[in-house]
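Engineer: Give me coordinates for this.
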Amino acid sequence: MIFDDFRFPFDQSKKLKDFDPAYTEELNNKKEANQYLKDGTEKLKDLQARLFAYDKYALLIIFQAMDAAGKDGTIKHVMSGVNPQGCQVKSFKAPSEEELNHDYLWRCVKALPERGKIGIFNRSYYEEVLVVRVHSGILVNKQKLPNLPDDPQNHKTFWETRFEDIRNFEKYLGNNGISVLKFFLNVSKEEQKNRFLKRIDKPSKNWKISVGDFEERKYWDDYMFVYEQMLLHTSTSYAPWYVIPADHKWFMRAAVADIIISRLETLNPVYPKVSEERKNEIEKAMDLLLRKE
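Structural biologist: Modelled structure (predicted):
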């Protein structure tokens, strides 16, 4: 894997500012990156077929990012060659009334991939240490939590408890054959602005425009703080975070594909061995078929 440097260290020796959103040095240009991605999607297609046949592991891929970082496009391009029957994508929006009547992991647990499948979360339970930390009124007014501190936004113990719960949950998933892989698509504030302007200029992109997204830019520094806290407290050996440079979409997609392929290769899914009894059944079926012809 040529992109291992994007793995956020478990020892907390780096900060978010140490990761350059415009980095492209692993690949020289867009053409090279697109070829790398094309080759990668072929590998991914084969690995996904083996994962499905092996039927012992599932892969959960989580994408978190600021608006316009490229989550949707990355999922579309990287997973373009995968059999739709072996892949499921779940996008998490603001929770419904039913979801708010459950714990914050509930709606994500329901969407976990089955054995043999790749599950993709476009946003996830990590929103519960991101947007609700920036906008703590969501906790106070909507989540009906017992023993909520008076100032949850700045209550260190409250967030440390959530980080611990998430680490334990991901450890549980790994123990049960669900391998967790997490990507933070790291876009710069200036590049986000450029992409918002392109959405305005291009009629076919106007449907993506949300005034709320633009208003969230004034909380940029707050978001960078909570993202860094998320990375520092939940990047582990069993469920690492990868901070992917997102200012150049062509580079971002190639990097994500490479890391997914590497994780699947580590799982080493293989096609099941055919027993002697099964081989005999196949031979009988072949003999029957040929005699009928």
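
Engineer: which regions of the stretch 1-150 of the chain sit below the pLDDT cut-off?
Structural biologist: When residues are selected by pLDDT under 70, those of the stretch 1-150 of the chain lie in 1.

Engineer: For the residue lying closest to residue 162 once chain neighbours are set aside, grab the count of nearby residues.
Structural biologist: The shortest distance from residue 162 to any residue that is not its chain neighbour, by C-beta to C-beta, 6 or more residues apart in numbering, is 5.4 Å, and that residue is residue 129. (C-beta placed from N, C-alpha, C; glycine too.) Summarising burial for residue 129: neighbours were counted as other C-beta atoms under 10 Å, giving 21.

Engineer: now the one 3 residues further on
Structural biologist: A count of neighbours around residue 132, defined by other C-beta under 10 Å, yields 20.

Engineer: Where does it sit, in terms of helix or strand?
Structural biologist: helix 131-134 (DSSP states H and E).

Engineer: likewise residue 111?
Structural biologist: Counting by DSSP H and E, residue 111 is found in no helix or strand.

Engineer: which residues does the residue lying closest to it once chain neighbours are set aside form a beta bridge with?
Structural biologist: Leaving out its chain neighbours, the residue that sits closest to residue 111 by C-beta to C-beta, 6+ apart is residue 90, at 4.3 Å. Beta-bridge pairing of residue 90, defined through DSSP bridges, involves residue 121.

Engineer: so is residue 281 in a helix, a strand, or just coil?
Structural biologist: Recorded secondary structure, residue 281: helix (DSSP: H, G, I helix; E, B strand; the rest coil).

Engineer: How much space separates it from residue 271?
Structural biologist: Applying C-beta to C-beta, to the nearest Å, one obtains 17 Å for the distance of residue 281 from residue 271.

Engineer: how far away is residue 220 from residue 21?
Structural biologist: Where residue 21 is concerned, residue 220 sits at a distance of 13 Å (C-beta to C-beta).

Engineer: So which bits of stretch 156-166 are buried?
Structural biologist: For stretch 156-166, the neighbour count (16 or more other C-beta atoms under 10 Å) marks 158-159, 162, 165-166 as buried.
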